[in-house]
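*Asks:* Sequence first, then the predicted structure:
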Amino acid sequence: MTHITLNTTIHEIFHHPEIGDLNQYLIYCLDRDLWLNEHVNAIMDQPLTAAKELDWSPEGILKGMNFLLDELKQNRVRQHFIYSEEEAQGDPQKKEVCLLEFQPEKVHPEKPVIVLASGGGYNSVCNLAESFPTASHFVEKGYSVFALSYRVSCERTMIMALEDLKKAVRWLFQNDTKPGYDLRQHGYAVGGYSAGGNLVCNYGAPNIGWKAAGLPKPVCLFPIYPFMDLMDWQDRNEDAAEFLKQRLGSLDEELIHEYNVAEHVDGDYPPCYIVCGRDDESVGFHDSDLLKKLLDQAGVSAILDAADHAAHGFGDGTGTALEGWPERALDFLETLS
C-alpha cells in the first residue's frame, strides 16, 4: 500500500492505482471534466500543499486519503448504491448515488451511526477535502461512518439532494441488521459541509426533513460552515440570487419560504454542533450564528464552535484554527446518546 505525502501531486492522488473506481467519488460530479477544469486543473501537477489555494487543509486531505488507503487494504470499505434499478428509471444519476461505508477495526454497536455529506456548491461532492478526513477521526473513535455522494449539477438539485439524504437514512434503517451498528437502538447523526451543511440543515427542518419523511429523529446534526438563511441569500446580490434559483429551480416565494430553514427551527429540530470560521468569505458567519440563536430560542441543545482566522472549506480542521472540532463534536454527541 503506497501512502501519499504532502509532496504527492493532486494528479497522482486522483490516479492512485489502489483507489480504483472510487476515484470518481473523491470529488463526485455529474460533469467531472468541467469541475476539474474550473477548480483543480490549476494545481493538478502541484504537490498536495497547493490545496491551500482552494482553502482546503492539505494535512486534512493527507490524513483522509491515507485513511482511505488503509481501509481499502483492510477491506473495510463498502460501497452501497441506495436506489434500485426500478427507482433509478428516468433519472440516470440516481444510479450513482451511493454511501461509502467505513467501519472501525473494533465495532461498537452501542454508538450512533454517522452520515456525512460533503459540500461543493451543489455542483460537486468534495469527499476528498471534507468527509474522508473527518471520517478518519470518527472511525478512530469507534464510530461507523457513511459518506453520502448525492445528486448534483441537476435541476432543483437542493431538492433532489434532500431526497437522496432521506433515501440514504431510510436505506440504513432497512439494512441495519449487520454487526457494527444498531440504528433502532442507538440512532444516528448527520453532518455536512457548506452545501452539504445546507442539506443537513434542511434535513433537520421538520417541515421538509426527517419528520416530513416519517423517519426517526437524528440524535444530532453537525452543520459545518452551512448556509440556511435563504431570505438573506436572495437579498445579498444578483449572483447569490441566481445561485439560489439554480439550486431550487425557481425563486418562487412559497418555495423559498418552504426551504428557508431559518423559518422552521422549533422544538423538534435536532440538537446541533455547528462549526464555522469567522473569516468565511464564501458563506459567511451569519448563517451559523443565526442557527445557534434560533436553536437557543427554541430550547434545543446547540454549540457553536467558531474561530477567528478560519476561512471556508477547512474540512476536518487539521492545521487550522478549528483543529480538533471532530473530537469536540463527538463529545457533544456522547452527552446526547
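*Replies:* It's in.
*Asks:* tell me which element residue 280 is part of?
*Replies:* When elements are assigned from DSSP states H and E, residue 280 belongs to no helix and no strand.
*Asks:* and the gap between the residue lying closest to it once chain neighbours are set aside and residue 221?
*Replies:* Nearest non-adjacent residue to residue 280, counting by C-beta to C-beta, 6 or more residues apart in numbering: residue 312, 4.5 Å away. (C-beta placed from N, C-alpha, C; glycine too.) Using C-beta to C-beta, to the nearest Å, we find residue 312 at a distance of 19 Å from residue 221.
*Asks:* Between these two, tell me which one has more neighbours.
*Replies:* Of the pair residue 312 and residue 221, residue 221 is the one with more neighbours under other C-beta atoms under 10 Å, namely 28 against 19.
*Asks:* Quick check: that one is in a helix.
*Replies:* No - read with DSSP: H, G, I helix; E, B strand; the rest coil, residue 221 is strand and lies in no helix.
*Asks:* got the contact list for it?
*Replies:* Counting by C-beta atoms under 8 Å, 6 or more residues apart in numbering, residue 221 touches 189, 190, 191, 200, 201, 203, 204, 270, 271, 272, 273.
*Asks:* how close does it get to residue 265?
*Replies:* In this view, residue 221 and residue 265 are 11 Å apart by C-beta to C-beta.
*Asks:* Residue 185 now?
*Replies:* Distance from residue 185 to residue 265, by C-beta to C-beta: 28 Å.
*Asks:* ranges for the helices of the stretch 1-150 of the chain?
*Replies:* 10-14, 32-39, 58-73, 85-88, 131-140 (DSSP state H, counting those that start in this stretch).
*Asks:* Give me the three-state assignment for residue 212.
*Replies:* Per three-state DSSP, residue 212 ends up coil.
*Asks:* After the helix or strand containing residue 233, which helix or strand is next?
*Replies:* Element membership of residue 233 [criterion: DSSP H and E] is helix 230-236. As assigned by DSSP H and E, the chain's next helix or strand after helix 230-236 is helix 238-248.
*Asks:* So which residues make contact with that following helix?
*Replies:* Helix 238-248 is touched from outside by 121-122, 156-159, 230, 233-235, 251, 255-256, 259, with contacts defined as C-beta under 8 Å, 6+ apart.
*Asks:* rerun at 10 Å
*Replies:* Contact with helix 238-248 is made by 121-123, 152-161, 195, 198, 227, 230-237, 250-252, 255-256, 258-259, as judged by C-beta atoms under 10 Å, 6 or more residues apart in numbering.
*Asks:* Just the buried residues of those.
*Replies:* 121-123, 152-153, 156-161, 195, 198, 227, 230, 232-234, 255-256, 258-259 (16 or more other C-beta atoms under 10 Å).
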